[in-house]
Each structure stands twice: as C-alpha cells, then as structure tokens.
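Student: I'll drop the sequence and a predicted model, then ask my questions.
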Amino acid sequence: MSSKIYGYFFIATTILLLFSNITNAQPKKGEFIQGSIGLGMSAPYEEYNIMGTGFYAQAEYVYAFKKWLGVRPYAGFISTTPSESGTDTNLSEYRVTSKAFLLGGKARICAPIPWVAPYFELGIGLSAGSFETYTPTDNIKENGVLMHIPVTLGLALGKDNGVEVAFTYYYHPTINQFSGAAAIGLSFPINR
C-alpha cells in the first residue's frame, strides 16, 4: 500500500513541476485558487511512536492583500490508516486514525523573496468525519464535527514562486491528536 502512495506522490510531483511555469503563489497581490496534494499522517499529542498514514488533498481560495499577507478559506480531505512502519512493535495494538473533510480559514504571512519564499499560516476550522486516538493513555473514538487549528510551514519555490512545498498540521484538541501532511501545491491566478 505504501508503495502505491509513493507512486501517486511521484506522479503528482511530476505534474506540478510541469505546470510550474504557468502558476503563481502568494508573493504577488491578487486572487488565486490553490490546490495541494500529499502524504497524510495522524499522530497522538503524547510522545508515543504511533502513527497513521494515508492521503491528503486541499483546495484554497486565496486573497492576498499584500505580497506578504493573505487570507485563505479552504476545504480539504484527509484519510489515514494505522501505519506498521511508523509504529513501534511494542505499541502495535494502538492506533491513531483520521478520515475527515476539513473546512476553515487561515491567514498567511510570507517573506516575498524570489525563488524561495518561506511562509507561515495559522487559522481555525472544522473537521467532519471519524477519528480514533487509541494509545496507552487515551482511548478516544469520535464521529462528527470537531474544531481544529491549522498550522502550516512552507516554501513557495520557483521564479514566480509557483510551486509550494509545505508541512501542514491540524491540531484536534478534543481528541488529543493531530493530522497533517507533507504536501505539494500549485496556485493559479483568477484574474491575469
């Protein structure tokens, strides 16, 4: 299963690199649509080596007030299953999983540097789906709508900062877990 995910990630990366000449990330003012895809993961707040891995996708409407500041309403999806390779053998009966639709808004602060523009995002949102945090200290199973706090660290790469590479996390305080992804994204301007 994991080789299939890596294959999809490789194909997505190749497509993103081919389209990078016609895209723009936030280091410009204006409105954009952004799409991201990546390897999803879920883990507990505690320091246990228990993980879930899977798929992540997200779309955003971007309104950049300035080159360095923008707001981003988003909708996304994450699905993780227990990972044998990411979990200690002593903890194999435990698991942390998420299968959820994500909806919310976040703000981005960006250093508008050509070729490599680092950025940070923070916001608030809702996750609708099923979640499980089963560790030596927690046994939480939730279905429904939960609040999450999205936090992202990333780089907008290329001449026009057209390709984004990011680590994004969704903290779920009520279930003692976070979901996240290593993702690659493209932004397309709405008005050229």
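Tutor: All right, it came through fine. Numbers count the residues shown, from 1 in each chain.
Student: from memory residue 67 sits against residue 110, does it?
Tutor: Yes - with contact defined as CB atoms under 8 Å, residue 67 counts as touching residue 110 (7.2 Å). The way it works is simple: take the backbone N, C-alpha and C, and place the C-beta from them, glycine included.
Student: ok, those two, which is more surrounded?
Tutor: Neighbour tally, residue 67 and residue 110, criterion other CB atoms under 10 Å: the higher count belongs to residue 110, 23 against 17.
Student: for the more buried one, give me its contacts.
Tutor: Listed by CB atoms under 8 Å, 6 or more residues apart in numbering, the contact set of residue 110 reads 26-27, 67-70, 117-120, 156.
Student: tell me the one among these nearest to residue 61.
Tutor: residue 70 (10.3 Å; CB to CB).
Student: could you look up the SS state of that closest one?
Tutor: Following DSSP: H, G, I helix; E, B strand; the rest coil, residue 70 is assigned to strand.
Student: partner residues bridging it?
Tutor: Taking DSSP bridges as the rule, residue 70 bridges to residue 64, residue 108.
Student: just to check, it is in contact with residue 34?
Tutor: No - if you go by CB under 8 Å, residue 70 and residue 34 don't touch, sitting 10.3 Å apart.
Student: what residues are shared contacts of the two?
Tutor: Jointly contacting residue 70 and residue 34 under the rule CB under 8 Å, 6+ apart are residue 62.
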